[in-house]
Each structure stands twice: as C-alpha cells, then as structure tokens.
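Novice: Okay, structure incoming, though there's no sequence with it:
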C-alpha cells in the first residue's frame, strides 16, 4: 500500500506573551513536514499524492491565515459547534486518509496532547509519537513509513509503522518555517458545515476549573511526625548531603575509584 | 589569677562520628567515651514500614526503567502514589525493562518487573496489551505514570485513549488527595479537577524523600507474559537506536558531560578524556571567560542548565550559579584540590588531588579497560567457535 492521501491537522495557537491568537508552532511543524513529504513523493512516485490541511473549530478565527502564509495553499475548515464534537468531526473527515500529521501539544484549550491518540483509536490507525523525520520505507513489500523518533539524552530511534497511521511530530523536528505574505493572500480557506449537527451524549469527562491567577504549583510532600530531637537532628545532619570523598592514594588509585563508580552505576560499558 | 571554677568545661575528646563526606560530627548529649566509628556508605534504613499487612486496594504505578534503574521522574510518581495511599492501599510498581535496584525506599509495596518490554524497543501495541492484562488482574483504584518521553507518556496516552470511559489527566503538575492541577491555555492558566483514574505526572510534582519505607515484594508477572506471546502481527517494528555523537549534541540533551573549570590547565587532556568517555564537553564561567572554551559550552546560571546522568566536574569549585546549572544531574563526580569546595558537598564522589594527574591516570585506565573488554569479547567468540 502506498501513500495517496496525507492530511495535517492544525489548531489555533496563542502568543505566549500577548495571548493573541496565531498559528500553533507544533502544528506548523507537522504541516511543513507533510508538505515536504508530499512534494518529495510527487517527484519520485508515479501516482500523485494529495495533501490537505484540516482544522476543526470556530469558523470566525482569522489566525488560520498564518498557515496559508506558512505554505498551505488551501485549508479545509470544519465548523464544529462544541469542543466535544471535534474528534468525531475530524474522524468523519479523515477515513480515507493514509497518513495524518499532528503537532505534539496544542497551545489552547486543555492541551493534554490526547487528540492524536483519541483520533487514532477512533479510526483504528497506528500511531507514532515524537517523530523528527518521516520517509516511505524503501522496501515496498512492508508498505509503511519509516519514522525517526526523538528520545531524550541524545538518543534517536528509527521505527517502521504500517499505514494508515497518525504521526505526532516532536517540537524539535528539524523543520524550517517560512512565512510569506503573498501565500497568505492567494491561499483559500474552505468552510464546511460539520456532518454532526447535534452533540452526542457526552462521555464522562473531567470538569476543569481554571484558576484566576497563575501561581506556582505546590509540590506534594510527605507529612512527617517527628519528635523535636529528630527535627533538630534533620536540620543539622542532612541525610544525603555529599557523597564519598577520596583524599588518600595516588592518582592511579583515584582513577580506579572513578572507573569503579562508573561501572557500579552502569554509566560506562567497558 | 582569676578563678575558673564556675566555667563549664567541655571535653575536647567528645564522642564524634565521621560522616561519609569525611567531616567529624559531634552529637550533643551523647556521654559515651571516645567513639570513632565510620558511618557506612550503604546505610540500612531505619524508617517505619508503611506497607499494609493485608491490602484491600491497590494503586498501580507504571514506568519504564533505564539502565536497570528508575529515573527520578518515575520515583516521584512512586512517591506520590505512596504518600496519597491510605493504610489499606498497596502501591504496586510495574517496571517495564530490567530492574536492578531496591525500590523499598521509593515507597513500593509490590514490584512487577517485565524485562522484555525495554524502552529501547518500540512495541507500543504489545506494551498496551500487557498493561491492560495487568490492570484487569490487579484492578487498581488509581494509575500513576510519569509523563516523559521514554515511552511512558506515549503508553499512558494510548491507555487513556483505549478506555474513554475512565477519567484521566495528563501533564499533572500538582497533586493531592482532593484534586489535581495542570497548565492549560499554553501554560497561561492553572486548571483544577477532581482526582481521575489515570494520572500522567509531569516532572517535579512530588518530593521523593519519604519518612517511611516499604516492603517492595517482587511478584512474578508470568501469567500475563504467556498471554503476551499470542499477540497479533505487529504494526510497529524497531529498526534500532542511534546515538548522536557526543561532541555534536547540544549540552542540554547530553547524557554524559565532562566539564572543566579553573583547575584545568591543559584543555587537550580534558578533550582526550571526554573523547575516551564519549562525553560532551562543558565548562564553568571562569574557563569560558579565560577563552579556553566557547560561550555555548558554559554551564550555570548564565549559561546552560544540563540534565546529564553523569556530570564530571574537573577543577570546578562549585559556585552557586554553577550548581544551579547542574541541579538535575544524577551522578556528579568531582576532581578538586580543595576538599572544602562547594562541589564536594554536591558531588556523589569527590577525588581530592591534582586534576591533570588524575585525568592522565584515568585516560590510561580507560584505554586499558577498553582493551581488556575487547580481548574478553574475542576470547568469548573464539570459545564459542
């Protein structure tokens, strides 16, 4: 199975300082990666690959034009009445898609990072998160994608995934965003009415209550019922302050101490 | 001559202990004679046991291990689960990947280890099926997972998406028995909600120091293992891990950093050592100001904040601004001339002596160790053949 339809999902972001509506950087990365993959496939493959940019939400948002400036020639926009309908509306629109690209986390709303997972579950697609680069597998038989995944501590992992798939792009993906006003003027936004007209009976969801001020979170700490002596002791003798100190011995012995420590904690493999 | 009868005399040879950092400590109120006993490095815990005798309920903590240990973030989840658990609730840790450390001080009552589900292999469908099996057999009242990038954040979200009827919250930054909280609107607002079934905990939401210990009994997850073998043809496959060359990697992302300060006279030796250890090179402000390193190598308040698992501080005294930059480092090894330097208090292992000499000795020791390792492998393959 080769890729025929690629879709990128975009959301409305929020400027970190002014709070102004704008494009969401994570989604822009996913969209740009999708555009690059589409043009690459169209140049090398015989069959044409179509690419669409999809947004579900409020129709009156002007921030979507940012995505036109960033390279989308056309945006399909589904007018959704309620937030709980977004997944269903997107799923109804994406059944024939082979590859869906999304950002890792929104800048508005709950920003839980759950949407790609819920969408993949709903559509029965496979999902790969933290993608840095995507390419079609060279082995045609497997008919999938090769994805380079981000892992912390300077590690990367290549994985293959069967199509159809949802790929969540990591914020560190090596993608350059280019803003062009001319594209913003020439691009079009096509508004569709949602196929779902009324809200389905809602599943149980958490009731979030937003606080009025932004404060630091309070760290969970264990309550200790200590005697006065114990409290005084813990104030003077800290439990784990400072490790072992090696003063005696020559430099060769000290080097062996370091090697021993590194080996004990499995920080080196020789 | 003045009278001294009324002055309270203090015994100059009072009882003291030598602490692990080499400092003598006098405990007031101890009347015994000269006691000079060393405090052992591996102190046995004398904290009270929290574990319930008969567990009525269970909370499950799921986390991937790395190099046989759980990282700080996973320990915070364990601590949060243990602190919030009542007297009848047992904390069960499900460790994916091998485990070689004792989790009794992390507040765990029961430990399930599944070493085939290592984080380095990408097998989310198998992991999800396994975790669901465990959940069905344990019936936990709550599930905690660290919201990290080594697989737990991903697995947790798959778990949440696969059971939409259960309440769940991600990126949780504040947790207590009444509610949980996370940042919303792109970090511009804090939102509270009642306690859900699945919690994906952000880093630093809980303190890992616990006033109690737990039994940490190992349970065999064999039954679930047998079911796992009948998984369908997987839609995912791992092609292997890549490690970026330590010299090219950004310092914030590096796992092993060799860092130089004012005490390093020969930069070339340090570079050789870093290459031998396959480590990234960092520097303190003084070394950067001297022109020995470029500005992007600076670690500290004005430079970069690093989170390496091993931080090798050579000739660094450990100014507060520098210690801020390495607060997330797990193992700090220091080489310094001065045993009263601030870095010695921070370091897990400190060596007092000349930096250049110890570095040279270490370089030759590493070279020797590598040769022995290679010959061992060769001998083993010859024997096998």
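Specialist: Structure's in. What do you need? Source: prediction; values computed, not measured.
Novice: distance between the ends of stretch B:163-174?
Specialist: Distance across stretch B:163-174, first residue to last, is 24 Å (Cα to Cα, to the nearest Å).
Novice: what's the answer for stretch B:116-127, then?
Specialist: Stretch B:116-127 has its terminal residues 10 Å apart, counting by Cα to Cα.
Novice: tell me the average confidence for that stretch?
Specialist: For stretch B:116-127, mean pLDDT is 88.
Novice: Give the buried residues for that stretch.
Specialist: Neighbour counts over stretch B:116-127 (16 or more other Cβ atoms under 10 Å in any protein chain shown) mark B:117, B:119, B:121-127 as buried. Just so you know, the C-beta spots here come from the backbone N, C-alpha and C atoms, and that holds for glycine as well.
Novice: what does stretch B:20-27 give?
Specialist: With the criterion 16+ other Cβ under 10 Å, stretch B:20-27 contains buried residues B:20-21.
Novice: how about it, does it reach chain A?
Specialist: Yes: Stretch B:20-27 reaches chain A (Cβ under 8 Å from any Cβ of the partner chain) through B:20-22, B:25.
Novice: thought residue A:266 was touching residue B:68?
Specialist: Yes: the criterion here is Cβ atoms under 8 Å, and residue A:266 meets it with residue B:68 at 6.2 Å.
Novice: Need the overlap of contacts for these two.
Specialist: residue B:100 (Cβ atoms under 8 Å, 6 or more residues apart in numbering or on different chains).
Novice: and of the buried residues of stretch B:116-127, the nearest to chain A?
Specialist: Top of the list for closeness to chain A, among those and by Cβ to the nearest Cβ, is residue B:122 at 4.4 Å.
Novice: Report the residue spans of chain B with pLDDT below the cut-off.
Specialist: For chain B, residues meeting the criterion pLDDT under 70 lie at B:1-4, B:28-46, B:221-233, B:384-385.
Novice: and it, what are its domains?
Specialist: Using automatic domain parsing, the domains assigned to chain B come out as B:11-42, B:57-228, B:251-370.
Novice: need the ones you listed in JSON lines with distance to residue B:239, can you?
Specialist: Shown next, in JSON lines, are the domains of chain B (distance: least, Cβ to Cβ, whole Å):
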{"stretch": "domain B:11-42", "distance to residue B:239": "41"}
{"stretch": "domain B:57-228", "distance to residue B:239": "9"}
{"stretch": "domain B:251-370", "distance to residue B:239": "21"}
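Novice: closest to residue A:160 out of these?
Specialist: domain B:57-228 (9.0 Å; Cβ to Cβ).
Novice: Centre of the chain to that closest one, how far?
Specialist: In terms of Cα atoms, centre = their mean, to the nearest Å, the centre of domain B:57-228 is found 16 Å from the chain centre.
Novice: What of stretch B:321-333?
Specialist: 13 Å.
Novice: Name the residues linked to the nearest residue to residue B:171 once chain neighbours are set aside by a beta bridge.
Specialist: Among residues not flanking residue B:171 along the chain, residue B:182 sits closest, at 4.7 Å (Cβ to Cβ, 6 or more residues apart in numbering or on different chains). For residue B:182, the beta-bridge partners under DSSP bridges are residue B:172, residue B:191.
Novice: Verify the contact between residue B:182 and residue B:205 for me.
Specialist: No: counting by Cβ under 8 Å, residue B:205 is not a contact partner of residue B:182; they are 9.4 Å apart.
Novice: Common neighbours of the two, please.
Specialist: Common neighbours of residue B:182 and residue B:205 (Cβ under 8 Å, 6+ apart) are B:172-174.
Novice: Identify the farthest-apart pair in the buried residues of stretch B:116-127.
Specialist: Pairwise distances across the buried residues of stretch B:116-127 peak at 15.1 Å for B:119 and B:125 (criterion: Cβ to Cβ).
Novice: can you pull out the helices in chain B?
Specialist: Per DSSP state H, chain B carries helices over the ranges B:72-84, B:124-138, B:152-162, B:222-228, B:267-277, B:285-289, B:320-325, B:342-346, B:355-384.
Novice: Just name the most buried of those.
Specialist: Highest mean neighbour count among the helices of chain B (mean count of other Cβ atoms under 10 Å in any protein chain shown): helix B:72-84, with a mean of 25.
Novice: just the angle between that one and helix B:152-162, please?
Specialist: 50 degrees (axes from the mean of the first three to the mean of the last three Cα atoms, to 10 degrees).
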